[in-house]
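Peer 1: coordinates only, sequence not included:
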Ligand SMILES: Nc1nc2c(ncn2[C@@H]2O[C@H](COP(=O)(O)OP(=O)(O)OP(=O)(O)O)[C@@H](O)[C@H]2O)c(=O)[nH]1
Ligand SMILES: [Mg+2]
């Protein structure tokens, strides 16, 4: 370390500035860009047990990918909407805009699927820099929209052919999302379930916005996505970084984590916080009370767990003063709830816990969240019924009785059509309608 005084340091800086100015004046915006690059480089030196690259598709998926990027993960994003890509804070060369719509798909899964099928080679080339040195890839998408949700067939095929194990983070809609979002999310979940059964996907993590809304009830809307995206990304990042380090207590090895992450079928995870460290059974009680409540999705049967992981974190002072029996009761309770699944355990010092104990849990190898799917189906049907009712009322609400019978109306209409066809305005109109805007863009 240098022992320069403040005065000496500022003199050195001035000399350096003078020397540099000999090459011309320094452009502030360029310096800012360089600084940013250096920060990204620093962040990229994160510790990971498994080198994971993240690909986010659609708006929700891209925002999750952006959250991984902030934590130093190699990330890229794809969307059909230019505006939505602009707001994503990842390097410009890690953004891919797929043409073929007016911007977004408006929750239209068929249109989305077509766009992705038509862009396979473009996507393959784009993914290469992000994924070339990774052990695994995570695809992040929301089920309720059109772009992310419809992309899964093509994206999983492309990623599978690259030979990387594939994890998916799949977001279910909020309680207040519309019928289309809810039905889209079930349709795509059923496709993902087939891919998981076919072992194309190693790990399907389901997170549910409706559950996150409950956990963070009371948050202002402006903070909701940031907080929920952090909550979604944090457990995976914690498992991946802590397992890369040795613990002076109990280590969960990278190969244990690999078993969890490659177990297949669905996964859920979450974190429980407690300050009850005085009582022997304090941690175990926190697990009994809030294991299910703090998972980021519900409707799963935790007793189906095939492989799981539990990591207990607290600052070193707390861990040093806490009897081992407290932790043992906690592990025992989790083992009970998962009916004897293999549960890998880790205990780590984490000075950021500030006197609290955090229990990170991850359950893998689960079946689909049947109860939640049932609720989504019912909610989407109820909303669709309402829409249908409105559509049928629309005809009566928008018609004016002109006092003519139906036959007269028909004759009038035909006469008007003939007149229009022969007018030059009519000719222009028909010519313009020969192909839609969407068609014209796709042919480019
Ligand atoms: N957790 C989380 N969910 C989000 C976020 N943004 C949107 N969603 C959810 O995602 C669903 C909407 O999907 P989007 O991701 O906006 O849609 P898209 O993939 O861009 O598809 P388009 O319909 O083509 O725009 C809704 O269920 C939202 O609740 C986000 O930042 N975080
Ligand atoms: Mg969108």
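Peer 2: Nice, I can see it. Values in this document were obtained by computation on a predicted structure and should not be read as measured data. Ligands and ions are numbered 1, 2, ... in the order given.
Peer 1: the stretch 1-150 of the chain against ligand 1: which residues are in contact?
Peer 2: Residues of the stretch 1-150 of the chain lying close to ligand 1 by Cβ under 6 Å from any ligand atom are 58-61, 63, 80-81, 104-107, 142, 144-149. From N, CA and C alone the C-beta is placed, and that goes for glycine too.
Peer 1: among those, name the ones in strands.
Peer 2: Assigned to strands by DSSP state E, the following of these qualify: residue 142.
Peer 1: list buried residues within the residues of the stretch 1-150 of the chain next to ligand 1.
Peer 2: Neighbour counting with 16 or more other Cβ atoms under 10 Å marks 58-61, 63, 80-81, 104-105, 107, 142, 144-149 as buried within these.
Peer 1: circling back: now, which of the residues of the stretch 1-150 of the chain next to ligand 1 lie close to ligand 2?
Peer 2: Among those, the ones lying near ligand 2 by Cβ under 5 Å from the ion are 59, 81, 104.
Peer 1: of those, closest to residue 285?
Peer 2: Nearest to residue 285 out of those is residue 59 (Cβ to Cβ; 39.7 Å).
Peer 1: the closest one is in contact with residue 82, isn't it?
Peer 2: No: between residue 59 and residue 82 there is no contact under Cβ atoms under 8 Å: 11.9 Å.
Peer 1: list the contacts of the residue nearest to residue 145 when sequence neighbours are not counted.
Peer 2: In this structure, residue 145 finds its nearest non-sequential neighbour in residue 58, 5.0 Å apart by Cβ to Cβ, 6 or more residues apart in numbering. Residues near residue 58 by Cβ atoms under 8 Å, 6 or more residues apart in numbering: 79, 141, 142, 145, 146, 147, 148, 149, 151.
Peer 1: how close does residue 58 sit to residue 256?
Peer 2: In this view, residue 58 and residue 256 are 33 Å apart by Cβ to Cβ, to the nearest Å.
Peer 1: what of residue 236?
Peer 2: From residue 236 to residue 256 the distance is 15 Å (Cβ to Cβ).
Peer 1: which of these two has more residues huddled nearby?
Peer 2: residue 236 (24 against 20; other Cβ atoms under 10 Å).
Peer 1: and that one, which helix or strand is it part of?
Peer 2: Per DSSP states H and E, residue 236 falls inside helix 221-242.
Peer 1: check the offset of that helix from the chain's centre.
Peer 2: Distance of helix 221-242 from the chain centroid (Cα atoms, centre = their mean, to the nearest Å) equals 10 Å.
Peer 1: can you spell out which helices and strands pack onto the helix or strand just after that helix?
Peer 2: Downstream of helix 221-242, the next assigned helix or strand under DSSP H and E is helix 254-261. Packing partners of helix 254-261 (3 or more Cβ pairs under 8 Å, 6 or more residues apart in numbering; DSSP states H and E): helix 221-242, strand 307-314, strand 342-349, strand 357-366.
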